[in-house]
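A.B. asks: Give me the fold of what follows.
(2 chains)
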2 protein chains.
Amino acid sequence: MTVGATGLPDFEPGTVWLVGAGPGDPGLLTRLAVHALANADAVVYDALISDAILDFAGPQATRTYAGKRGGKPWPKQPAITERIIALARQGNRVLRLKGGDPFVFGRGGEEALALTRAEIAFRIVPGVTAGIGGHGYAGIPATHRDCNSAVLFLTGHDATGETPQAIDWEAAARIPVIVMYMALKHLEDIATRLIAAVRAGDEPVALVENATLPNQRVVTTTLASAAADAAAHNVSPPAIVTVGPVVDLRSVLQGVMLEQRPTADFGAVSQRRVGT
Amino acid sequence: MTVGATGLPDFEPGTVWLVGAGPGDPGLLTRLAVHALANADAVVYDALISDAILDFAGPQATRTYAGKRGGKPWPKQPAITERIIALARQGNRVLRLKGGDPFVFGRGGEEALALTRAEIAFRIVPGVTAGIGGHGYAGIPATHRDCNSAVLFLTGHDATGETPQAIDWEAAARIPVIVMYMALKHLEDIATRLIAAVRAGDEPVALVENATLPNQRVVTTTLASAAADAAAHNVSPPAIVTVGPVVDLRSVLQGVMLEQRPTADFGAVSQRRVGT
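C.D. replies: All right, here's what the predicted structure looks like:
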């Protein structure tokens, strides 16, 4: 690869970079992600990519939305990959920008396989995944020496939209900390399965909505009450759900931990501590 | 918090930022990590932080090594936290820089608790964890729709240096993809436990040494042969070990995927494909 004065590889025309943008805070963009945005000719981005992140793109870049939020139609996955391949074949530097990490419940593997079949050279740029970074902002470590030597990441719905049948819920229940993506819809079903296995109903649970964004909201509850509390507080996607003893660290840390969220308008506000 | 023209929060004197530097490639530093390095008065860094990353620190910053590699003595954890607290009380902007993410097997939770007890305001800056980003560079997705709806991250040794007794290895074995940190030492023991539970001896395994660094090396093997192959190829820490069907995607992707590693000297070399 050719590398410039920054030590970062050149974004070659006709190639695709599959880039993770992190959980939302533009401060969590990697140097490679910023570099890709600045140099891309075409940006194909997912629903969770905000304008604050897209504003790092250069004026030359075309922007193509490939998400399902905001009332716009949701392109099918084959249509997205066909579009990316066509843009690359036209000689564009194509940035495929995804929330979190492209290889963590992000369908990056499918897109990488499609690019491989089409023989379009591509690069993977990992990002901070919401299940780790989002919980970090909420004062919840994914692992903590006194709590867990293992952490399980799972998705709460599968391609059919149902609770994933492929997950061995009895085995999952025996892992001390479980971080769940896209789990709000089936939260009652999942909690029931975990309790039916080995988990206590009063196991601590955190629901982190809009993790790392200015409107981040955290609801702490228990496994037995999680689905009801999610409904009562109108917790909406995107949200991450964590089950396990690490959740209790939040109440200890939050009195001293600095406000993690970026301000919406980037205006100067007084130094705050995490309150809610 | 006060924020500047960059939209990033000011690094206030007397505070500590617990920052993940990612798996090694300086291109995977976040904007917040670069900002913290540029503004820190004191950087206290772990073993896996390279000079290429420390070079982002300003000339004003003192640098304190808190790792166990390189023949230097390993400070005990209480000594590290005491040093960080003392530096903050002197009014320094203290950057505690860790490899990967501070909350993933990084003892960030312990340090955050110590800062809380000392009432030193701190900020968590998540980073790309090696178990996700390092495998991404090796062409191995942590999740892939056809392979797994769940992925388990675990540490291969506990505080005593032994195979973690707290891990339910029978349950762990039933998760389709297992990503292991610091697992080389007890790899034979771990593989034996996983096979004794439910895993096949010919299950694909990847050993990724020095993930994302110029000297990254990948050995693909099987669960039954992993420990012997690690020894035969002299695989050394830091290394990440992944078990599961996602490992097989590497051989498919690597013919078309661009060389992910930064060059050691940042010199211009020809565009390469991933070969080894």
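A.B. asks: Which stretches in the stretch 51-200 of chain A count as strands?
C.D. replies: In the stretch 51-200 of chain A, the strands defined using DSSP state E, counting those that start in this stretch lie at A:62-65, A:94-98, A:122-125, A:150-155, A:177-181.
A.B. asks: Check which helices and strands the fourth one sits against.
C.D. replies: Going back to what we said before, that points to strand A:150-155. strand A:177-181, strand B:150-155 (3 or more Cβ pairs under 8 Å, 6 or more residues apart in numbering or on different chains; DSSP states H and E). In this view, the C-beta of every residue, glycine as well, is placed from N, C-alpha and C.
A.B. asks: TSV for those strands, including mean pLDDT, distance to B:Ala171 and mean neighbour count?
C.D. replies: Output for the helices and strands packed on strand A:150-155, formatted as TSV (pLDDT from 0 to 100; distance: least, Cβ to Cβ, whole Å; neighbours: other Cβ atoms under 10 Å in any protein chain shown):
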stretch	mean pLDDT	distance to B:Ala171	mean neighbour count
strand A:177-181	98	11	26
strand B:150-155	97	9	26
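A.B. asks: Does at least one residue of stretch A:245-255 sit close to chain B?
C.D. replies: Yes. Judged by Cβ under 8 Å from any Cβ of the partner chain, stretch A:245-255 and chain B are in contact via A:246, A:249, A:252-253, A:255.
A.B. asks: Quick one, which of the residues you listed are buried?
C.D. replies: A:246, A:249, A:253 (16 or more other Cβ atoms under 10 Å in any protein chain shown).
A.B. asks: Tell me where the longest helix sits in chain A.
C.D. replies: With secondary structure taken from DSSP state H, chain A has its longest helix at helix A:77-89.
A.B. asks: if we can go back for a sec, return the subset of the residues of stretch A:245-255 next to chain B lying in strands.
C.D. replies: When DSSP state E is applied, these are split such that none fall in strands.
A.B. asks: Tell me where the model's unsure across chain A.
C.D. replies: A:1-5, A:68-75, A:261-276 (pLDDT under 70).
A.B. asks: Quick check: beta-bridge partners of the residue most central in space within chain A?
C.D. replies: Note on chain A: the residue nearest the mean C-alpha position is A:Gly100, at 3.4 Å, using Cα atoms, centre = their mean. Legend: beta-bridge partners of A:Gly100 under DSSP bridges are A:Gly22.
A.B. asks: quick one: it from A:Pro126, how far?
C.D. replies: Taking Cβ to Cβ, to the nearest Å as the measure, A:Gly100 falls 10 Å from A:Pro126.
A.B. asks: shared neighbours of those two, which are they?
C.D. replies: Residues touching both A:Gly100 and A:Pro126 by Cβ atoms under 8 Å, 6 or more residues apart in numbering or on different chains: A:Gly20.
A.B. asks: Mind picking the two most distant members of the residues of stretch A:245-255 next to chain B?
C.D. replies: Of all pairs drawn from those, the widest gap by Cβ to Cβ lies between A:Val246 and A:Gly255 and measures 17.2 Å.
A.B. asks: Doesn't A:Ile240 lie inside a helix?
C.D. replies: No. Assessed with DSSP: H, G, I helix; E, B strand; the rest coil, A:Ile240 is strand; it does not lie in a helix.
A.B. asks: That one against A:Val208, yeah?
C.D. replies: Yes. Assessed by Cβ atoms under 8 Å, A:Ile240 is found in contact with A:Val208 at 4.8 Å.
A.B. asks: Between those two, which contacts overlap?
C.D. replies: By Cβ under 8 Å, 6+ apart, the residues touching both A:Ile240 and A:Val208 are A:134-135.
A.B. asks: what's the neighbour count on A:His135?
C.D. replies: Other residues near A:His135 come to 30 when the count uses other Cβ atoms under 10 Å in any protein chain shown.
A.B. asks: A:Pro141 versus that one, what's the distance?
C.D. replies: 7 Å.
A.B. asks: hey, what's in contact with both of those two?
C.D. replies: Common contacts of A:His135 and A:Pro141, defined by Cβ under 8 Å, 6+ apart, comprise B:Phe103.
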